[in-house]
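Novice: Provide a 3D model corresponding to the input given below.
(chains A and B)
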Amino acid sequence: MPSINAHCFLLPPLPSPVVAQDKFSETTIKSANFSQIPQWVSLKCSFPSVKTHQIQQGQVENVHLISLSKQGKLKQVHEFLKLMDEAGVSVSPHSYKSIFETCAKLGSLSDGRSIHDRLRRTVKDPIGFLENCVLRMYCDCGSLVDAQNVFDEMLDRNLVTWDIIVSAYAEKGVLDKAIGLFTISRIKPSHSIYISLLRSLTGFSLLELGKQLHSHVIRNGLASNVSVDTAIANMYVKCGWLEGAELVFNQMTEKNAVVWTGLMVGYTQAGKLEDALELFTKMVKEGVQMDEFVFSIILKVCGGVEDLTMGRQIHGYSVKLGLDSDVSVGTPLVDFYVKCGSFESACLAFERISEPNDVSWSCVISGYCQVGEFEESVKIFKLLKRKVVVLNSFIYTSIFQACAVLADLNLGAQVHADAIKTGLVSYLYGETAMISMYSRCGRSDYAYQVFKSLENPDTVAWTAIICGYAYHGNAIEALSLFNRMQDCGVRPNAVTFIGVLTACSHSGLVTEGKKYLESMRGKYGVEPTVDHYDCMVDIYSRAGLLQEAFELIKCMPFEPDAMSWKSLLGGCWTHRNLELGKIAAENLLQLDPDDTASYIVMYNLYASHGIWEEAAHFRWMMAERNLRKDISYSWITVKGKMHSFVAGNRHHPQTEQIYSKLEEFTSSSDNAENALLTEEDVSCGLSERKEQLPDHSERLAIAFGLIFTSRHTQILVFKNLRACKDCHDFAKRASLVTGREIVVRDSNRFHHFKLGKCSCNDYW
DNA sequence: TTAGGGTTAG
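Specialist: Predicted structure coming up:
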């Protein structure tokens, strides 16, 4: 053990062992009048050693008392104690022991205190064994203040006493106190006291102390004990010294599943997934008895490396051992299959779990989110709520995510309130998901309120709020938050820069965007990726600097990906550049032939130049590949009910009113009508289009909002695809004519229309 | 003494 000092720096010298003194003495027990025992109680209890002929005076009452206590019937215990008092029957030390154990088990501090008071009143000189019981009860009930008082008053502290108090402080994380008491104890420490102390050490800063404890263990002759060595190896894992853990592990002549698991956890946390897999293989070869913990960690490893074959083999192994239906194996199995993209297998694995718990459900819910089935995850959540199943904060975090994607503000706000009531808002994780949820549901103000409530927002939380403002096209706020983030000493990461560059992109801030991209590595220590260059391509493209965008694609230090060309292509459409559009589309078609964007944009570009033959070629290519444009639809929530619209849809009960409202706008602006006809839509020809334009889904939703919401409220409409220019103009006009604030979220960003202007400055 | 699930993105 080269790096472990054999000297002890802070810890106490080794004392001679103290033998626990048992002051148990004969207790005089009177017999109660049996008629005083209520008829409804049972004298049956599981004490095979107590036979009828052995029953002495008062023993039956104490046996009954213990029986009540073992059943957790503390109320009846109190009542029966009263009866025993009235009958003058003494309570035996074993009865007290049992009652204190029950109070500890149920965590009932008040009952524990009351019984402790009784003991003080009735027994003048309680034996040490009982004092230890009281001490343990207070520790288990979480009251270290009471425990310390009892400890201070104790005259005879034995090995057990020190063990209880030191372990309690260690487990509560009051390490200074635990070590302090351990130092002054002058006892020969037991295995368990070392295990408790070692267990409480986590983090690199405690590594030195851990080494000292290790040294202490060796000097005490307790090394080579499998439990203690396991605790030492796991301590080194938790303190981040994997080599130390390996040294201990390799020296152990006898190893249990716990130490194997611990080391595998260490490898996993350090990202050494291959090492974890190798260790597992070794474990199998050595014929180590497997338990559910081994499977849970190794399945996590398989999910991490996305090794479906290996995971399936391990799954099979767990089936052979009959462990797959165990919740601790079945749950990580579900997660493993989700991570490997095999959702069907995940569902099958879930069905095998005999008693799924909240973690199992959270895996299923997040699984549905990962495969994009957000409605399904919400459905399960609602089902669990109805069934009064125990939920956890992980589930709420996933549901916030689902509400964000579904843009369901109504549900999101309800779930938020529910999470507060149940106390299941996860620190930072849940809160950050809520920031994103409110932003994506159109409520930057609520998102900011959540952000403001965070005491110490981390990088991810800052990123969420920055991205939120960027999504709404509010570059000033997004960039100001980016500056504030640095003032607070929080370092940005790669995603933060995506948010910053997006903000620049949505507001036409070309110079700023360039400055941020160039300073990423030098000033912020964040390595730019192709994603960041794609953002810059987007900034140039939207601003009409198409040649610059093209040059950047050619000279950037990465192979351009589909997004690089897609961004350029988008700019080529906005700025009607056919030549560069052709290059962009050609490259995009090579990288992602199934992306409909290239076909649609090229059709539009050619059509806008009147080159119909070429345009038709792209429609033909799309048909040839059996590619269809997604059906466009929009939705609006009014009085908690969602109303969705598809272009030309006349099935809504209020269709007549909606169409007459649309006519109000179309008939009042002929010029605008003419402008609408200049755009082309791939889903229909020019002549068809003239008829269809007024029916675009977002217009139906806006018209519905104008009719059925009160005059002073904002109209919030969501669209699954990007809004077309005609509809963008329509919304501007509607906001001017009606004086209403209209907010439209398309697949790209938020548009806030007010008095004829849009927050995007027509820059979308 | 050991394990499994959740946050930010164009």
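
Novice: which bits of the stretch 251-400 of chain A sit near DNA strand B?
Specialist: A:256-259, A:261-262, A:265, A:268, A:291-294, A:296-297, A:299-300, A:303, A:327-328, A:330-332, A:335, A:357-360, A:362-363, A:366, A:369, A:392-395, A:397-398 (CB under 7 Å from any atom of the strand). Any C-beta I mention is one placed from the backbone N, CA and C, and that applies to glycine too.

Novice: before we move on, what about the stretch 401-550 of chain A?
Specialist: Residues of the stretch 401-550 of chain A lying close to DNA strand B (CB under 7 Å from any atom of the strand) are A:401, A:404, A:426-430, A:432-433, A:436, A:440, A:458-461, A:463-464, A:467, A:470-471, A:493-496, A:498-499, A:502, A:505, A:529-531, A:534-535, A:538.

Novice: Report the buried members of those residues.
Specialist: Neighbour counting by 16 or more other CB atoms under 10 Å classes A:401, A:404, A:426, A:429-430, A:432-433, A:436, A:440, A:460-461, A:463-464, A:467, A:470-471, A:493, A:495-496, A:498-499, A:502, A:505, A:530-531, A:534-535, A:538 among those as buried.

Novice: Return the subset of the residues of the stretch 401-550 of chain A next to DNA strand B lying in strands.
Specialist: Assigned to strands by DSSP state E, none of these qualify.

Novice: Restricted to helices, list those.
Specialist: Among those, the ones falling in helices (DSSP state H) are A:401, A:404, A:429-430, A:432-433, A:436, A:440, A:459-461, A:463-464, A:467, A:470-471, A:494-496, A:498-499, A:502, A:505, A:530-531, A:534-535, A:538.

Novice: Show me the contact partners of stretch A:111-123.
Specialist: Under the contact criterion CB atoms under 8 Å, 6 or more residues apart in numbering, stretch A:111-123 has outside partners A:74, A:78, A:81, A:90-91, A:96, A:99-100, A:103-104, A:126, A:130, A:134, A:137-138, A:141, A:146, A:150.

Novice: Then stretch A:408-416?
Specialist: Outside of stretch A:408-416, the residues within contact range by CB under 8 Å, 6+ apart are A:378, A:381, A:396, A:399-400, A:402-404, A:425, A:434, A:437-438, A:441-443, A:446, A:637, A:640, A:642, A:716.

Novice: Go ahead and produce CSV holding the CA coordinates of it.
Specialist: The C-alpha trace of stretch A:408-416 is given here as CSV (Å, rounded to 0.1, in the frame of the first residue of the first chain):
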residue,chain,number,x,y,z
ASP,A,408,-49.0,23.2,-22.9
LEU,A,409,-48.9,26.2,-20.6
ASN,A,410,-52.1,25.2,-18.9
LEU,A,411,-50.9,21.8,-17.9
GLY,A,412,-47.4,23.1,-17.2
ALA,A,413,-48.7,25.6,-14.7
GLN,A,414,-50.9,23.0,-13.0
VAL,A,415,-48.0,20.5,-12.7
HIS,A,416,-45.9,23.3,-11.3
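
Novice: which residues touch the residue in the stretch 1-150 of chain A that DNA strand B sits nearest to?
Specialist: Closest approach between the stretch 1-150 of chain A and DNA strand B, counting by CB to the nearest atom of the strand: A:Asp140, at 12.9 Å. Neighbour list for A:Asp140: A:104-105, A:107 [criterion: CB under 8 Å, 6+ apart].

Novice: how does it look with 7 Å?
Specialist: Residues in contact with A:Asp140 (CB atoms under 7 Å, 6 or more residues apart in numbering) are A:Ala104.

Novice: before we move on, what about A:Lys75?
Specialist: Per CB under 7 Å, 6+ apart, neighbours of A:Lys75: none.

Novice: Is it within a helix or a strand, and which one?
Specialist: A:Lys75 is part of helix A:74-87 when elements are defined by DSSP states H and E.

Novice: Give me the distance between that helix and the centre of its chain.
Specialist: Computed by CA atoms, centre = their mean, to the nearest Å, the separation of helix A:74-87 from the middle of its chain amounts to 48 Å.

Novice: for the record, mean pLDDT for that helix?
Specialist: For helix A:74-87, the per-residue pLDDT values average out at 90.

Novice: what's the next secondary structure element after it?
Specialist: Downstream of helix A:74-87, the first helix or strand assigned by DSSP H and E is helix A:93-106.

Novice: What is the least confident helix or strand in chain A?
Specialist: One helix or strand of chain A scores below all others by mean pLDDT, DSSP states H and E: helix A:670-676, with a mean of 37.
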